[in-house]
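no FASTA, just this:
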């Protein structure tokens, strides 16, 4: 059974940086594409970044492109989300997710089927 454990959430002022981490256990990490989603109360969960199993392909939503960087360390079974130039509108619960996809592609948002517990990120102005 795949399990995802996130860490690194917290509070920052606008313009600051934060790095989220997510570790996968129970399966072979390098067989999984990984993604980051975020959700604010009353709204749908948004797919904001994805990375293929090898790390060779990435995807970013327009809202975070140029500010956030997704990366992975397959030796440590961990995916990261480096968040720079944070804005108050980045405030949300952030979730990591996994999709079994050994090929070098980034799955679409609906293809992720295993989720972390979520971590709160709060950005103040």
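That came through, no problem. Computed from a prediction, not measured in an experiment: that's the story for all the values here.

apart from its chain neighbours, what residue comes closest to residue 81?
residue 20 (4.3 Å; CB to CB, 6 or more residues apart in numbering). In short, each C-beta sits where N, CA and C put it, glycine included.

isn't residue 23 up against residue 4?
Yes - counting by CB atoms under 8 Å, residue 23 does reach residue 4; the two are 7.2 Å apart.

hang on, the earlier thing: quick one: contacts of the host helix or strand of the residue nearest to residue 81?
Taking DSSP states H and E as the criterion, residue 20 maps to strand 18-25. Applying CB atoms under 8 Å, 6 or more residues apart in numbering, the contact partners of strand 18-25 are 2-10, 12, 32, 34, 36, 76-83, 86, 94, 96, 98, 116, 119, 121.

returning to what we had before: so residue 23 and residue 4 - more neighbours on which side?
residue 4 (20 against 17; other CB atoms under 10 Å).

dihedrals phi and psi, the nearest residue to that one once chain neighbours are set aside?
Nearest non-adjacent residue to residue 4, counting by CB to CB, 6+ apart: residue 116, 3.8 Å away. Main-chain dihedrals, residue 116, degrees, to the nearest 10: phi -80, psi 180.

which ones are touching the most centrally placed residue in the chain?
The C-alpha lying nearest the average C-alpha coordinate of the chain belongs to residue 36 (CA atoms, centre = their mean; 2.3 Å). Applying CB under 8 Å, 6+ apart to residue 36 gives the contacts 20, 22, 47-50, 68, 70, 79, 81, 94-97.
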